[in-house]
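Novice: Provided below for reference: sequence and predicted model.
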Amino acid sequence: MELTMAGALNAALRDSMREDDTVVVYGEDVGRLGGVFRITDGLQAEMGTDRCFDTPVAESGIAGTAIGMALYGLRPVVEMQFDGFSYPALNQVISHVAKYRNRTRGRVGLPMVIRIPYGGGIGAVEHHSESPEAYYSHTAGLTVVSPGTPADAYALLRASIAFDDPVIFLEPKRRYWLKEDLELPVSAPPIGEAVVRRAGTTATVIAYGPMVTTAIEAATRAADESGWDLEVVDVRTLSPVDMDTLVASATKTGRALVVHEAARFVGYGAEIAAELSERAFGYLAAPVLRVTGFDVPYPSAKIERHFLPDADRILDAVARLLEY
């Protein structure tokens, strides 16, 4: 069966709700409308307004009520309608959601998922194309996940809902229409494991979320145009990150670069580059490079193509790696 990433996410929510009546889904426009991107389409009609419902435009309230529901024994899955809209809830997420397990000396977790459509590439207006992964990954106590394929979207969302601690689930909105042949339920590596999407020997390209497709496109072009054999590693879980898989790949190829949409300075790729430099320094033939967005607020739709990393920028970075 061919499914888009949006369809896979919808199926994951539906299957989780069918199997566990403690799962509730809510947020802005997720009920009757089915969400801006139709990820929750049909859930209210099937599950009822008690289990899938709309909220006021109040992200802090959405996160705060999810804390109470999780403490009460439910498994809330809440949606922040867009990445930039998630910031009003940061106080709840950082001060309470992330700290509850530690605050109770390990006795009480918060089984809740905060879904956030994130990233650019859809020609949106201001506050609709942010990449907030570094904020959440930096916050101890949160598990941060970002699928790069429809199969992972299904499997990782099911696993996140079943998880006994809070998960920030970052959905790459530009990949909602990416299609894949799937047999549901999908079997995939668990939360916390990176995967090699394409094996290679020339250099390692590390990506996640929206950039996985871009990295694979670059690797295909590299093989056709230059004879370079690039290995592509999909991080999948940003925190805790599976550094063992990333180090093994960089050690094998001797060269590595990290790709993400977010700005370069203090971005997620900086941590990956630092870890690789510490753990694989003796095996690297070149510094770890980063291909990222620029250190500016996200630009208008007319020029976002210049901001977003593409295959050309990845291949330029590979050429620099090979010059060392």
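Specialist: Yep, that arrived. Numbers count the residues shown, from 1 in each chain.

Novice: For the stretch 101-250 of the chain, just list every one of the helices.
Specialist: For the stretch 101-250 of the chain, the helices defined by DSSP state H, counting those that start in this stretch occupy 133-138, 150-162, 211-225, 243-253.

Novice: want to throw those helices into CSV with mean pLDDT?
Specialist: Formatted as CSV, these follow (pLDDT from 0 to 100):
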stretch, mean pLDDT
helix 133-138, 98
helix 150-162, 98
helix 211-225, 97
helix 243-253, 98
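
Novice: Single out the most deeply packed of these.
Specialist: Across the helices of the stretch 101-250 of the chain, averaging neighbours per residue (mean count of other CB atoms under 10 Å) puts helix 150-162 on top, at a mean of 25. (C-beta placed from N, C-alpha, C; glycine too.)

Novice: Now do the contacts for I39.
Specialist: 6, 9-10, 13, 30, 79, 115, 171, 176 (CB atoms under 8 Å, 6 or more residues apart in numbering).

Novice: actually G267, not the one I wrote
Specialist: Contacts of G267 (CB under 8 Å, 6+ apart): 134, 260, 290, 292.

Novice: farthest-separated two in those?
Specialist: Greatest spacing in the contacts of G267, by CB to CB: A134 and R290 (12.6 Å).

Novice: Between which two of the contacts of I39 is the distance greatest?
Specialist: Pairwise over those, using CB to CB, the maximum falls at V30 and Y176, 14.8 Å.

Novice: of those two, who's got more company?
Specialist: V30 (27 against 20; other CB atoms under 10 Å).

Novice: helix/strand/coil for the closest residue to that one other than its chain neighbours?
Specialist: Nearest non-adjacent residue to V30, counting by CB to CB, 6 or more residues apart in numbering: T40, 4.3 Å away. Classification of T40 using DSSP: H, G, I helix; E, B strand; the rest coil returns coil.

Novice: Thought L13 was touching T40, still the case?
Specialist: Yes. Assessed by CB atoms under 8 Å, T40 is found in contact with L13 at 6.5 Å.

Novice: which residues do these two both contact?
Specialist: What both T40 and L13 touch, as defined by CB under 8 Å, 6+ apart, is the set V25.

Novice: follow-up on the earlier one: out of the contacts of G267, which are inside helices?
Specialist: Among the contacts of G267, the residues falling in helices (DSSP state H) are A134.

Novice: among the contacts of G267, who's most crowded?
Specialist: Neighbour max across the contacts of G267 (other CB under 10 Å) = H260, 28 neighbours.

Novice: need the contact list for it.
Specialist: 131, 133, 207-209, 211, 267-269, 290, 292-293, 309.

Novice: Recalculate using a threshold of 10 Å.
Specialist: Contacts for H260 (CB atoms under 10 Å, 6 or more residues apart in numbering) come out as 119, 131, 133-134, 146, 206-211, 235, 238, 267-269, 272, 290-293, 309.

Novice: do the same with L142
Specialist: 93-94, 97-99, 114, 135-136, 165-168, 238-240.

Novice: Which of the residues you listed lies at the shortest distance from Y298?
Specialist: Each of those was scored against Y298 by CB to CB, and Y135 proved nearest at 14.6 Å.

Novice: what about the nearest residue to the closest one once chain neighbours are set aside, is that helix, strand or coil?
Specialist: Of all residues not flanking Y135 in the chain, L90 sits nearest, at 7.2 Å (CB to CB, 6+ apart). Following three-state DSSP, the label given to L90 is helix.

Novice: tally of neighbours for L90?
Specialist: So L90, with other CB under 10 Å, has 17 neighbours.

Novice: isn't it right up against G84?
Specialist: No. Counting by CB atoms under 10 Å, G84 is not a contact partner of L90; they are 11.7 Å apart.

Novice: the strands in the stretch 101-250 of the chain, which residues?
Specialist: For the stretch 101-250 of the chain, strands defined by DSSP state E, counting those that start in this stretch occupy the ranges 113-118, 143-145, 167-172, 179-181, 195-198, 203-207, 230-234, 237-239.

Novice: quick one: strands adjacent to the third one?
Specialist: This points to strand 167-172. Strand pairing for strand 167-172, using DSSP bridges, gives strand 113-118 (parallel), strand 143-145 (parallel).

Novice: can you list those in TSV and add mean pLDDT, mean neighbour count and distance to T65?
Specialist: Formatted as TSV, these follow (pLDDT from 0 to 100; neighbours: other CB atoms under 10 Å; distance: least, CB to CB, whole Å):
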stretch	mean pLDDT	mean neighbour count	distance to T65
strand 113-118	98	27	12
strand 143-145	98	26	20
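
Novice: Out of the ones you listed, flag the one nearest E2.
Specialist: strand 113-118 (21.7 Å).

Novice: circling back: for A285, find the nearest of the strands paired with strand 167-172.
Specialist: Among these, strand 143-145 comes nearest to A285, with 30.8 Å by CB to CB.

Novice: which residues touch that closest one?
Specialist: Residues contacting strand 143-145 (CB under 10 Å, 6+ apart): 98, 113-114, 116, 132-138, 152-153, 156-157, 159-160, 163, 165-171, 191-192, 208-209, 235-241, 268.
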